[in-house]
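1. Here is my input, please return the structure:
(2 chains)
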Number of protein chains: 2
Amino acid sequence: MASFLPQSICLLIEEFSKLPGVGPKSAQRLAMHLLHSPDGRLRALSDAVGDLKKGLQFCGNCWNIAEDSVYRICANGARDRRQICVVEEILDVVALEKTCEYKGVYHVLHGVLSPVDGIGPEQLKVQALVDRVRGIVGAGDAEASDSALRASAEETDGTCAIEVILATNSGLEGETTALYLMRLLQPFKLNVTRIARGLPVGGDLDYADELTLMRALQGRAAYC
Amino acid sequence: MASFLPQSICLLIEEFSKLPGVGPKSAQRLAMHLLHSPDGRLRALSDAVGDLKKGLQFCGNCWNIAEDSVYRICANGARDRRQICVVEEILDVVALEKTCEYKGVYHVLHGVLSPVDGIGPEQLKVQALVDRVRGIVGAGDAEASDSALRASAEETDGTCAIEVILATNSGLEGETTALYLMRLLQPFKLNVTRIARGLPVGGDLDYADELTLMRALQGRAAYC
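-> Modelled structure (predicted):
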């Protein structure tokens, strides 16, 4: 292909091909589309890519990406700081915010545990979550937090008003991460919850897979 | 979404969404991928988009995009200038060149006739093709070329050694364009051919649609 197309087009096709979900054919089509676009469109896209990270930083509290040192949800006094929703990615925050249902704050892990890909707790914002929870719970629970890394089997009877909602995805890695975090946070005697897994709204029972149905049965609640 | 993500990310998502085949979700995922990419990758993509059209121009002969005023295939003395393959797009040239089968030159129409989209012969490089053919046929056929725009029904018995291969796509618009060009070029008494339409290599007869099978039957040739 390189010898039949000008260098600049080949270069753009190569760069587009590196993006996730963009194959060589799609990359070609995107490059051709831009070639027939007005110069202003090209400049706008070029600038948007180049300026993407300008002025952005991670919020030291929830580890979401922010224009200031504190993410706007963390800085919002109206949000309940005693309710922390733990999510995998930045876009999960956007998805949850769109529901207008949640009034607490977030914690972005920036991934999930995946031993196959060499991603352990050190690669995620797990320690930051433990530190954050420890900070909220206060010095009184310092002893318990020391044993946090042990997978504790003790019952969390004396839970406090702080709730950590584990909202990782419902796949194998998301479930593993949620289980890991649950055990890690148990010693703090928090209220650790997991988002409900069941039949999606509009879902057909006979089209749902066995695991989803099993979860839907296990998670059944009083009909009100 | 705008209120939950920084401005620069929203801007990039918006720009990506304008690309063909990229929906809002894909645009979000692409932006997130770039956000987690090293700065060098971002700069490379930004520069590739910004510099795409730099130094590029259309070849005045075949209307392909070129780094010089003449496309390299047109400038190649080894190519047969008496065989012109008419294609819709620049990428069609790439696809045909990959076969290493064709030794002639090309003519890029930059689209197909599509009355629904308001694309007539004036929006395509049709007149350029007629002028080019007229130039090759020479002054001797000047009279015939004057009537080129009339859809002529006369037989092309006295064809000359010049061949125009109509290699537009095999859809409705491609076929219409090929038919239009065939009628337009008939008065020049050229050898106007159409690329074969039939069963693709590896194709199953019982999975092929009726039109493809009809074309395959109509286009059958002596088995050698």
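
2. Could you use CA atoms for every contact and neighbour count after this?
-> Fine.

3. which bits of chain A sit near chain B?
-> A:1, A:4-6, A:8-9, A:11-12, A:15-16, A:19-20, A:28, A:30, A:33, A:35, A:42-54, A:56, A:65-67, A:91, A:93-94, A:97-98 (CA under 8 Å from any CA of the partner chain).

4. I'd like to know which of those are buried.
-> When the residues of chain A next to chain B are checked for burial by 16 or more other CA atoms under 10 Å in any protein chain shown, the buried set is A:4-6, A:8-9, A:11-12, A:15-16, A:19, A:28, A:30, A:35, A:42-53, A:56, A:65-67, A:91, A:93, A:97.

5. Just the ones of those residues in strands?
-> A:65-66 (DSSP state E).

6. Next one: the closest residue in space to residue A:125 that isn't next to it in sequence relative to chain B, how far apart?
-> Spatially, and ignoring its direct neighbours in sequence, residue A:125 is nearest to residue A:109 (4.7 Å; CA to CA, 6 or more residues apart in numbering or on different chains). Using CA to the nearest CA, to the nearest Å, residue A:109 is found at 13 Å from chain B.

7. can you tell me which residues contact residue A:109?
-> Residues in contact with residue A:109 (CA atoms under 8 Å, 6 or more residues apart in numbering or on different chains) are A:63, A:86-89, A:124-126.

8. Now do the helices in chain A.
-> Using DSSP state H, the helices found in chain A span residues A:7-17, A:24-35, A:39-50, A:72-75, A:90-98, A:126-137, A:142-146, A:172-185, A:210-218.

9. Dump those helices to a markdown table, plus mean pLDDT.
-> Shown next, in a markdown table, are the helices of chain A (pLDDT from 0 to 100):
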| stretch | mean pLDDT |
| --- | --- |
| helix A:7-17 | 94 |
| helix A:24-35 | 93 |
| helix A:39-50 | 95 |
| helix A:72-75 | 89 |
| helix A:90-98 | 91 |
| helix A:126-137 | 92 |
| helix A:142-146 | 45 |
| helix A:172-185 | 94 |
| helix A:210-218 | 87 |
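
10. what does stretch A:90-100 contact?
-> A:64-65, A:87, A:102, A:106, A:108, A:110, B:1, B:4-5, B:28.

11. Could you find the closest non-adjacent residue to the residue of chain A found nearest chain B?
-> Closest approach between chain A and chain B, counting by CA to the nearest CA: residue A:46, at 4.4 Å. Of all residues not flanking residue A:46 in the chain, residue B:46 sits nearest, at 4.4 Å (CA to CA, 6+ apart).

12. show me what contacts the spatially closest residue to residue A:120 that is not a sequence neighbour?
-> Once flanking residues are discounted, residue A:120 sits nearest to residue A:113: 5.3 Å by CA to CA, 6+ apart. The neighbours of residue A:113, taking CA under 8 Å, 6+ apart as the test, are A:119-121, A:124, A:173-174, A:176-177.

13. Can you give me the distance of residue A:113 to residue A:166?
-> Look at residue A:113 and residue A:166: by CA to CA, to the nearest Å, they are 14 Å apart.

14. next one: residue A:181
-> From residue A:181 over to residue A:166 the distance is 8 Å, taken as CA to CA.

15. Could you report the neighbour count for the nearest residue to residue A:195 once chain neighbours are set aside?
-> Take residue A:195 and drop its neighbours on the chain: the residue closest to it by CA to CA, 6+ apart is residue A:167, 5.6 Å away. If you count neighbours by other CA atoms under 10 Å in any protein chain shown, residue A:167 ends up with 24.

16. Let me have the contacts of residue A:113 in CSV, extended by distance to residue B:187 and neighbour count.
-> Formatted as CSV, these follow (distance: CA to CA, whole Å; neighbours: other CA atoms under 10 Å in any protein chain shown):
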residue, distance to residue B:187, neighbour count
A:119, 70, 13
A:120, 74, 15
A:121, 76, 17
A:124, 72, 17
A:173, 69, 16
A:174, 69, 20
A:176, 74, 17
A:177, 74, 25
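
17. Compile these into JSON lines and extend it with columns for distance to residue B:220.
-> As requested, these are exported to JSON lines (distance: CA to CA, whole Å):
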{"residue": "A:119", "distance to residue B:220": "58"}
{"residue": "A:120", "distance to residue B:220": "62"}
{"residue": "A:121", "distance to residue B:220": "65"}
{"residue": "A:124", "distance to residue B:220": "63"}
{"residue": "A:173", "distance to residue B:220": "55"}
{"residue": "A:174", "distance to residue B:220": "57"}
{"residue": "A:176", "distance to residue B:220": "60"}
{"residue": "A:177", "distance to residue B:220": "61"}
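
18. So which of these is the closest to residue A:206?
-> Taking CA to CA as the measure, residue A:206 lies nearest residue A:174 of those, at 24.9 Å.

19. Quick check: chain neighbours aside, which residue is closest to the closest one?
-> That would be residue A:168: by CA to CA, 6+ apart, it lies 5.0 Å from residue A:174.

20. residues contacting the one you found?
-> Going by CA under 8 Å, 6+ apart, residue A:168 touches A:86-88, A:112, A:174-175, A:177-178.

21. Check residue A:16 too.
-> Residues near residue A:16 by CA under 8 Å, 6+ apart: A:22, A:27, A:30, B:45.

22. Please repeat the previous calculation with a cut-off of 6 Å.
-> Shown in contact with residue A:16 (CA atoms under 6 Å, 6 or more residues apart in numbering or on different chains): residue A:27.

23. now do residue A:30
-> Contacts of residue A:30 by CA under 6 Å, 6+ apart: none found.

24. which other residues reach the longest strand seen in chain A?
-> For chain A, the strand with the greatest residue count under DSSP E is strand A:80-87. By CA under 6 Å, 6+ apart, the surrounding residues in contact with strand A:80-87 are A:104-108, A:162-168.

25. repeat that for 8 Å
-> For strand A:80-87, contacts defined as CA under 8 Å, 6+ apart pick out A:74, A:93, A:103-109, A:136, A:161-168.

26. Direction included, what does that strand pair up with?
-> Using DSSP bridges, the strands paired with strand A:80-87 in its sheet are strand A:104-108 (parallel), strand A:163-166 (parallel).

27. Output that strand as CSV - backbone C-alpha positions only.
-> As requested, the backbone C-alpha atoms of strand A:80-87 are provided in CSV (Å, rounded to 0.1, in the frame of the first residue of the first chain):
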residue,chain,number,x,y,z
ASP,A,80,-22.4,12.7,50.5
ARG,A,81,-18.8,12.0,51.3
ARG,A,82,-19.7,9.0,53.4
GLN,A,83,-20.8,7.0,50.3
ILE,A,84,-18.0,6.0,48.0
CYS,A,85,-18.8,4.3,44.7
VAL,A,86,-15.7,2.4,43.4
VAL,A,87,-15.6,2.1,39.6
